[in-house]
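Asks: fold the stuff below for me.
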Amino acid sequence: LDVTGPCAVLGAANDLLGRTDYDLAILSDGGGNVRSSSHIAIESRDIAGIDPASIDAAFVSGGDTQGLRTLGASERMRDWFTQASRHARRFGSICSGSGVLAGWGLIGDRRFATHWVAVDPIRKRWPELALDPEAIWVADGPLWTSAGITTGIDMMLAVNLGSRGISDA
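Replies: As a prediction, the model looks like this:
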């Protein structure tokens with residue numbers, strides 16, 4: 001749901017507009033099927049085929065602990081996402097994906113949200129970061145992050161509506 005919920009919001013916006021304002025791509029290191037934490041296979045495209053400078057928005061989704069560790073340890077994904085974040089108008093995470101962003105050094109001094117399960121581990125590892133454990137989603141400059149699973153849908157509604165600022169809802 002961390003992946004499909006936000007994609008459904010932006011896909012519905014395309015349908016309502018009658019045009020493709022959002023060219024959605026689910027990316028991975030190597031492409032192909034990626035198995036979600038609920039054991040559903042999701043087709044992904046290889047990051048090698050996507051120029052990071054062409055990205056308008058990029059988000060890391062949450063997932064199970066092992067999947068997030070694997071993603072966080074991928075130098076190829078880290079390098080690609082870091083480059084994309086420098087070019088994108090918005091970048092961030094849905095749910096516990098914020099831990100990956102923190103590990104990649106992409107949070108900085110910006111305020112951010114995460115899933116409640118990730119609050120203590122993030123605070124222990126990066127106590128200097130401005131984690132807001134009460135926020136549903138936060139937009140702090142180009143960094144957009146959401147808390148639990150379905151709050152990624154709320155955040156994408158705000159992205160679609162052009163919302164700016166920080167939400168404490």
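Asks: what residues of the strand ranked longest in the chain count as buried?
Replies: In the chain, assigned by DSSP state E, the strand with the most residues is strand 41-46. Across strand 41-46, burial judged by 16 or more other C-beta atoms under 10 Å covers Ser44. C-betas here are computed from N, CA, C, even on glycine.
Asks: does anything pack onto that strand? Which helices or strands?
Replies: The contact analysis (3 or more C-beta pairs under 8 Å, 6 or more residues apart in numbering; DSSP states H and E) places strand 41-46 against strand 27-28, strand 32-35.
Asks: contacts for the following helix or strand past that strand?
Replies: Sequence-wise, the next helix or strand downstream of strand 41-46 (DSSP states H and E) is strand 57-60. Contacts to strand 57-60, defined as C-beta atoms under 8 Å, 6 or more residues apart in numbering, come from residues 6, 71, 81, 84-85, 88-94, 97-98, 100-101, 144, 152, 159.
Asks: ok, which stretches of this protein are helices?
Replies: Listed in chain order, the helices found in the chain under DSSP state H are 4-17, 65-73, 75-87, 98-103, 116-125, 151-161.
Asks: highest mean neighbour count out of the ones you listed?
Replies: helix 98-103 (a mean of 24; mean count of other C-beta atoms under 10 Å).
Asks: tell me how far that one is from the chain's mean position?
Replies: When distances are taken as C-alpha atoms, centre = their mean, to the nearest Å, helix 98-103 is centred 10 Å away from the chain's centroid.
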